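**Student:** What follows is a protein structure lacking sequence information:
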């Protein structure tokens, strides 16, 4: 099976702009989680989608949003970008939302906000 | 709330030496625990997981970890380090359902350096 894919791999934006990142999970996986990774804060959970429904959300402002499509592909959107949004954004897919199922991670999208 | 503490942000070993990366967790419900490895400019790769079966878990590349409930620990070990083990390692915790749906809580990571 193909792994988790994320597009684009690199993005450069300026403050105030918005950005959309895409994630294609492993075939058959219905759960997609998103994480932000920064040197200062480490890996932080953004949100999780299962069967097109957001089932869990981390402690991030409303500028961060996401959605999932019927084919389980997911997008996350960040509006009104701030310098502090510069980070590696990772998505991970899992067969279900059950904690016992491991999450398989994509290579990430490196977002730089200037 | 769940949390993970990884003791030592940097660990340095010689090739062939024992690798020990420490992880302590906090969870009010039975935890599921994971170790992931991240190489530069890549995503995270699962090394091993504990999901309430055997307390000694064997993973890929010769790594293993032991779940000790009394010590709330899940330390990662490898008997003999290889140069290719140099990477950043993350311990993570989650649990079944509720506020843990799809959510892994990670430690701050430990960078492993292997010297020839």
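**Tutor:** Sure thing, it's come through. Source: prediction; values computed, not measured.
**Student:** Tell me the residues on chain A that lie near chain B, please.
**Tutor:** Contact residues, chain A versus chain B (CB under 8 Å from any CB of the partner chain): A:4, A:31-33, A:35, A:42-43, A:45, A:48-50, A:55-56, A:58, A:90, A:92, A:94, A:97-100, A:102-108. Where C-beta positions appear, they are placed from N, C-alpha and C, glycine not excepted.
**Student:** what sits against residue B:21?
**Tutor:** B:6, B:8, B:11, B:35, B:75-77, B:89, B:91, B:110, B:112 (CB atoms under 8 Å, 6 or more residues apart in numbering or on different chains).
**Student:** and if we set it to 6 Å?
**Tutor:** B:76, B:89, B:110 (CB atoms under 6 Å, 6 or more residues apart in numbering or on different chains).
**Student:** Give me the subset of the residues you listed lying in strands.
**Tutor:** Among the contacts of residue B:21, the residues falling in strands (DSSP state E) are B:76, B:89, B:110.
**Student:** Buried ones among those?
**Tutor:** B:76, B:89, B:110 (16 or more other CB atoms under 10 Å in any protein chain shown).
**Student:** ok, the first one touching residue B:35?
**Tutor:** Yes: proximity of residue B:76 to residue B:35 meets the contact threshold set by CB atoms under 6 Å, at 5.1 Å.
**Student:** in the sheet, who's paired with residue A:33?
**Tutor:** Residue A:33 forms beta bridges with residue A:48, residue A:92, as assigned by DSSP bridges.
**Student:** Using just helix, strand and coil, how would you label the nearest residue to residue A:59 once chain neighbours are set aside?
**Tutor:** Leaving aside its sequence neighbours, residue A:59 sits nearest to residue A:44 (CB to CB, 6 or more residues apart in numbering or on different chains; 7.9 Å). Assigned by DSSP: H, G, I helix; E, B strand; the rest coil, the conformation of residue A:44 is strand.
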